[in-house]
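Novice: got a predicted model here, sequence first, then my questions.
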Amino acid sequence: LRRGQRRVLCEVPVFAAGASATENSLMTAGRALFVENNHGYQDPFGPRTGELTTPGFARVDVRRDGRGCRKVWETNVERAPTVVPKLSTATGLIYTYTRDDDPQGGGQPYFWTAIDARSGATAFKVYAGSGLGFNNNYAGLALGPDGTAYLGVTGGLVSLRDGS
């Protein structure tokens, strides 16, 4: 390419038309790109706080020859409203912070969640807490050298560490 020229390597739609958005950076490892769907997130202090976002994570791989890409998997199971997730190449897991529906209403439960980067399957899910104080509102997740996960939330700081 000449200086100033642009080239589109590939375009691959992910998630449903009209229900797809990401507010965070893509995660990458090798030729793989990972994206979460944040569609529908509302201001946690606004009038529609607590509404669920559209679920979704996807993996797109650039072809070995660098000529295009393909969607490897897409899952519409986990809802990650706003977290900036992290991919660990050591464990092969995408660490994220998800939100589920509360069948009893109003509880807004949040979970530490890990997604297998190869398959898109949920590897584990651990309850973090419920309510506005557990909303991370776009904070980035951090993984410490001992494997502890940290996340700033509107109520302070939450962490998850292995109990073994």
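Specialist: Received the coordinates, thanks. Numbers count the residues shown, from 1 in each chain.
Novice: for stretch 34-45, measure first residue to last.
Specialist: End-to-end distance for stretch 34-45, by CA to CA, to the nearest Å: 29 Å.
Novice: pLDDT (mean, whole number) over it?
Specialist: Stretch 34-45 comes out with an average pLDDT of 91.
Novice: starting at the chain centroid, how far to it?
Specialist: With CA atoms, centre = their mean, to the nearest Å as the basis, stretch 34-45 stands 9 Å off its chain's centre.
Novice: roughly how far does the most centrally placed residue in the chain sit from Ala58?
Specialist: Centroid-nearest residue in the chain: Glu36, 4.3 Å away (criterion: CA atoms, centre = their mean). To Ala58, Glu36 is 8 Å away according to CB to CB, to the nearest Å. Heads up, the C-betas are built off the backbone N, CA and C, glycines and all.
Novice: just Ala32 next, same as before
Specialist: In terms of CB to CB, Ala32 sits 11 Å off from Ala58.
Novice: of those two, which one has the most company?
Specialist: Neighbour totals were compared for Ala32 and Ala58, and Ala58 leads with 22 against 17 (other CB atoms under 10 Å).
Novice: Three-state assignment for that one, please.
Specialist: Secondary structure, DSSP: H, G, I helix; E, B strand; the rest coil: Ala58 is strand.
Novice: where does the chain have low pLDDT?
Specialist: Along the chain, the parts satisfying pLDDT under 70 run over 1, 106, 164.
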